[in-house]
Structure formats: C-alpha cells, structure tokens
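1. coords please:
(chains A and B)
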Number of protein chains: 2
Amino acid sequence: MMNYKEHTIKVFAPATVANVACGFDVLGFALQAPGDTITITKTDTQVIEIIDIIGANSLSKNPTNNVVGVAVQTLLNELGSKQGLAIRIEKGVKPGSGVGSSAASSAAAVVAANVLLDAGFSNLDLVRFAMEGERLASGTAHADNVAPSIMGGFTLVRSYNPLDVIRLNTPNDLFCAVIHPQIEVKTADSRGVLQEHISLKNAVIQWGNVGGLVAGLFMNDYALIGRSLQDVVAEPLRSKLIPGFDVVKNAAMVAGALGCSISGSGPSIFALCKGKEIAEKCAKAISEVYENIGIPFKVYVSGINQEGAKVI
Amino acid sequence: MMNYKEHTIKVFAPATVANVACGFDVLGFALQAPGDTITITKTDTQVIEIIDIIGANSLSKNPTNNVVGVAVQTLLNELGSKQGLAIRIEKGVKPGSGVGSSAASSAAAVVAANVLLDAGFSNLDLVRFAMEGERLASGTAHADNVAPSIMGGFTLVRSYNPLDVIRLNTPNDLFCAVIHPQIEVKTADSRGVLQEHISLKNAVIQWGNVGGLVAGLFMNDYALIGRSLQDVVAEPLRSKLIPGFDVVKNAAMVAGALGCSISGSGPSIFALCKGKEIAEKCAKAISEVYENIGIPFKVYVSGINQEGAKVI
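-> So this is what the prediction gives:
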C-alpha cells in the first residue's frame, strides 16, 4: 500500500504585482492573498494529467496547453523523470486580472513538484521552469510574476540572459490595495501600446527610480519608496486602456498611498501604502471611483507576502 | 584684530567616478584620493576673489568663469550674504580626466563656505549649489560627481526635478583602480556620440543592472555588484573614443576586477575590485596596456571614500 502522505502534496502560491511602477519587466512583489493552490499526486501513468480545475472555466485541461502542465513538464524533463502526476488546480486568482494568475499556478506547481519528487532544484531553477508556463500564457517567458510568487517579498530580475533573480529586502509595514475592474485588457494590446524605443531622458528618470525604490526597500524608507514609484515609460501609454485610471490614482494618493500604478499589464491597479489602515482607506476610495463609473470590480487589501509559495 | 581661525577654512573634496557602468547620469562614488583642496578666507571686499590656483594652468581666476566662484556665489545668493571671500584652489584632480575635477573643486568650495559662514545648508542644498559649477563646466548641471564628492560613498541621484540624492550603503572592502590616459576627450564629443533614444530592451537591461548594483551595495554582495556593472547604453559608443579601452577592460577582468567601465564621460577608466590587493593587480595590468600602446597615463588605486568632503 502506498503512503498517501508521501505521494501527494498541496502548495499555495500568491498573486503578484509586476513592474511596480518604475521596474518594467524586472520588479515584482507577492501579495498575501489571493493565490492559487495546486495539489499533485504521484501516479503510475508516466504522464501528467490535470484532473480538476476549480475557479476558472476558460483554462484547458490538456497539460501541453495549460501553464501548470508545461511548467511541471519542464521540471520533469530537466530531472530526467517520467513520473506520472495527477494535478488539481484551485484558482484563487482570476485569469487576465493583471496580478499574475498564470504565474501563481506555475509557481505553486513547480514548488509542489520539487518537494514531492525531492528534486532539490534551487529557487532560480524553479523560476526558470515556471517561466515556461509564462511563455505559454503570454508568448514571452517573463519572470517578474513567477519570481515573487516563488520567493516572496520584492524581487528583482536583474538579468534574463543569464537569468539572475535577487530577493530584495521587504519592509514589514508595506500594505497593498489592489482593485481589479472587471474589464478585459488583452496582454497583446497592453504590449502593443508600448514603443520599441524610449528617450534616453526618460530612461534615466526610470533607472533613477528603480535605484531609489531598491534603496528605499533596503533602508526601510517608506517616503523614498513612495517618491520612487513613478513610471514614465509604460503607465502613460497603458493607462489609456484602463477606464478611470487617472481618477483612481488620484483617489489613492489623496487617501495617503505611497504610490499607485498599473499592476503588471493591467487592468488591475495597485496602491502601495504604509500600514494596513491607509491601505484600507485607499481600497475604499478607489472602490468608490468604480462604483461611480459603474464598472464592476474586485478589491483586495493585503500585506506583502514574505515567504512566497509554501506547502500547506 | 581678527581671529584667523574663525576667518579661514580649508576643505578637501575627493575625485569621483560617475555613471559606474549601468547608472548613466545617476550613480557615482567617491575616491579617497586624489582630490582638490579649497581654502577660503573672509575679506572686507564684498566680492569673491580667486587669489591662487595651484596645479592647473588652464583655469580662469575670474570668479564668474570658474566653477568655484560660481558655486560659492550661488550659496551666497541663497544666503542673502555679501560676505567678501578670498579663495585659494589646489587642484589634485587634473581637469578633463573624467574623475570629476570640476566637481571636486565645487564640492570643496561649497562645503567650506557653508562651514565658514555657519550657513547650515543641508547636503542636498550643497549639491544644488555645486551643480551650478557643473553647469559652467559642461553646460549641464549634473549631480553625479558633486553628490559623492560632498556626501562620500556611493550616491544615487534618484531625480533631478525635484533634486533627490540618496547616500547608498557602501561596502568597506571595495577598492578602485583608475587609469587616466593622457589624451583629450571633449565632453561635447562624449555627449555627442550618445543617441537620444534607446531601445526599450536595452533600457530594461540597464535598469535591471541599476537595481542589481544598488541591491548588491546594500547586501554587501560583491559578486552581485560585479554582475551588475554592465553598461549597454553609453559604454559601447563612448569606448570608441578611448584608445585601447577593450584591451584595458579585458586586462582588468582577467586580473580579477568585479567590473570595469568608463569613468564619467572618460577618458579615465575605472575597475572596481574586492580588496586592495586585486585593485593593485588590476592597476598593474591596465598600466601595462598603455605602456605597450605607448600612451602616457596616470594610475591610481584607492579605497572608496566613505566621508566625502571634509574640513582639514
């Protein structure tokens, strides 16, 4: 008889906010909630099966066409293993929201497989495997959502070639309000509005802010973090795809947010705050904006998740 | 009778390396040596006089046409003071070298005037005044040399508008080899080879490295500092103006440098190293390159100056 405990594992991985205003394609942080939960059980089949998906109707159960299947298969290939696996996906993060829905699933899946198979891969390896899920989801193997979902806190993708991911210090009193207007912004459109070249002047502004944000995180300097949360590259173009963005941002800043910008490629908007109380005040203020406009929304208040994906 | 001690002051301010590979226009650090020394004495004249310049023949004694005069006058104007001052300049940093010659003089001068007049200006104010010297010297009010010369260590100019300068943590075991080939590279030429627009792809690489360098400094992670010392924006274009650059860089890396790039707008080249021994090895290796090419040079090995400009 098999010992059930040795043959199944359940992992939660959190939603994430990528870009974080100034850090297009390189910065991200993890939320405490929501998140996705992946349960993997060993089987004798030598194939990956996705046996259940809860909380999202649009996702494929074909493992070659699901980020979880692709990410886990990449891990198995590198391990040289043909272990059969049955995977159950519980989506807490709605696809297309801009808070790393595919990344949370991929992250939870590779962390689960790594523990279940006692594979011993490093976090950097796991990020690399989960990035293959991102490649399936968006056409590009981004790491700015999977890295914080796996490692927790704020992460910096210093380089993609070779892959180099740094876990940054993350002050304990940072909280985040995230609002997800229930509209569709296609990643392709969100990428499409960006320009292939930017002025050197704006690039200098942007990397000054990246340096300031990273310094602020290490110095636990909330004011510096706030001053650095500026995006002169993507936000001016992408915010046009999100109705009410400017009003939401203004409401968040008036309510005391350190900064407010687009989460990933949108449509979710995040406001970073010092302390839970201000984050809740921000959440209320930005909710009222979408109530007035008449767009349905979901809103979250969350601390920063310091531990990332974890076995539960 | 005047008390001499109350009416004169002498300040040393160090040479600096700006840009630091990835941080074009925003990052810089201070050397322990060389540096400039400014002596200021109160007079009854109500004007600024530059009474002596030692170590540089090309500089004007006309205070409106000398960075020291301009920087100090800016401070006096903001203070609303018509105090007469006699200024003596001792240049340890050769003009046009690329290690912040004008910045060292401006920095020493405003720090001296601030103490002598008990003016109480903040470091940020002093940076702002010294930037007016930079405006005279190069046409643009850069802060990436004056900030580290005043504040010491590594500094980040997070923003120019409004001016925001951050003193970064600076690991104690960082040493620097700097070689100054005795050739002229005009700042205008060095600016002229840059392009007004850069690809978003290169911009992302650059701000990943800025984030990595700042994180490495705070984490005392020398390897991360080294991996982050990459410049895909200015170095590929400016290095063509410096004969032997590629050979020097290769020699420095082979000798164990963490990274090697152009100091400021050149022609000096710096190699950051972990420990004095490796920095001395680098200095020897890069000196041999210019000996072989037959270009005269000066070479320095220095720790990072943690305190910046100081009364002596």
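2. just the pLDDT for the nearest residue to A:K281 once chain neighbours are set aside.
-> Distances taken as Cβ to Cβ, 6 or more residues apart in numbering or on different chains put A:A255 closest to A:K281, at 4.7 Å, once the chain neighbours are dropped. Every C-beta, even on glycine, is put in place using the N, C-alpha and C of the backbone. Note on A:A255: pLDDT of 98.
3. can I assume A:A255 is in contact with A:E280?
-> No - between A:A255 and A:E280 there is no contact under Cβ atoms under 8 Å: 9.3 Å.
4. of the two, which one has the most company?
-> A:A255 (20 against 16; other Cβ atoms under 10 Å in any protein chain shown).
5. how near is the residue nearest to A:K281 to chain B?
-> 23 Å (Cβ to the nearest Cβ, to the nearest Å).
6. need the contact list for that residue.
-> Neighbour list for A:A255: A:271, A:278, A:281-282, A:284-286 [criterion: Cβ atoms under 8 Å, 6 or more residues apart in numbering or on different chains].
7. touching chain B at all, the top strand by length along chain A?
-> Counting by DSSP state E, the longest strand found in chain A is strand A:27-43. Yes - shown here: strand A:27-43 in contact with chain B (Cβ under 8 Å from any Cβ of the partner chain) through A:L27.
8. next structured bit after that strand?
-> strand A:48-54 (DSSP states H and E).
9. quick one: average confidence on that following strand?
-> Strand A:48-54 comes out at a mean pLDDT of 96.
10. residues of that strand that come out buried?
-> Across strand A:48-54, burial judged by 16 or more other Cβ atoms under 10 Å in any protein chain shown covers A:48-50, A:53.
11. next SSE after that strand?
-> helix A:67-79.
12. tell me what that next one is packed against?
-> strand A:48-54, strand A:84-90, helix A:101-116, helix A:123-138 (3 or more Cβ pairs under 8 Å, 6 or more residues apart in numbering or on different chains; DSSP states H and E).
13. now the angle between helix A:67-79 and the last one, please.
-> Spelled out, that is helix A:123-138. 140 degrees (axes from the mean of the first three to the mean of the last three Cα atoms, to 10 degrees).
14. whichever helix or strand comes after helix A:123-138 and chain B, are they touching?
-> Next helix or strand after helix A:123-138 toward the C-terminus (DSSP H and E): helix A:146-151. No - against chain B, helix A:146-151 shows no contacts by Cβ under 8 Å from any Cβ, the least distance being 12.0 Å.
15. if we can go back for a sec, out of the helices and strands packed on helix A:67-79, which is the most enclosed?
-> Highest mean neighbour count among the helices and strands packed on helix A:67-79 (mean count of other Cβ atoms under 10 Å in any protein chain shown): helix A:101-116, with a mean of 30.
16. alpha carbons only: can I get that helix in CSV?
-> Only the C-alpha atoms of helix A:101-116 are listed here, as CSV (Å, rounded to 0.1, in the frame of the first residue of the first chain):
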residue,chain,number,x,y,z
SER,A,101,-2.8,34.5,-12.4
SER,A,102,-0.9,32.1,-14.6
ALA,A,103,2.3,32.8,-12.6
ALA,A,104,0.7,31.8,-9.3
SER,A,105,-0.4,28.4,-10.8
SER,A,106,3.0,27.8,-12.4
ALA,A,107,4.8,28.8,-9.2
ALA,A,108,2.7,26.6,-7.0
ALA,A,109,3.1,23.7,-9.4
VAL,A,110,6.9,23.7,-9.7
VAL,A,111,7.3,24.2,-6.0
ALA,A,112,5.0,21.3,-5.4
ALA,A,113,6.7,19.0,-7.9
ASN,A,114,10.2,19.9,-6.5
VAL,A,115,9.2,18.9,-2.9
LEU,A,116,7.1,15.8,-4.0
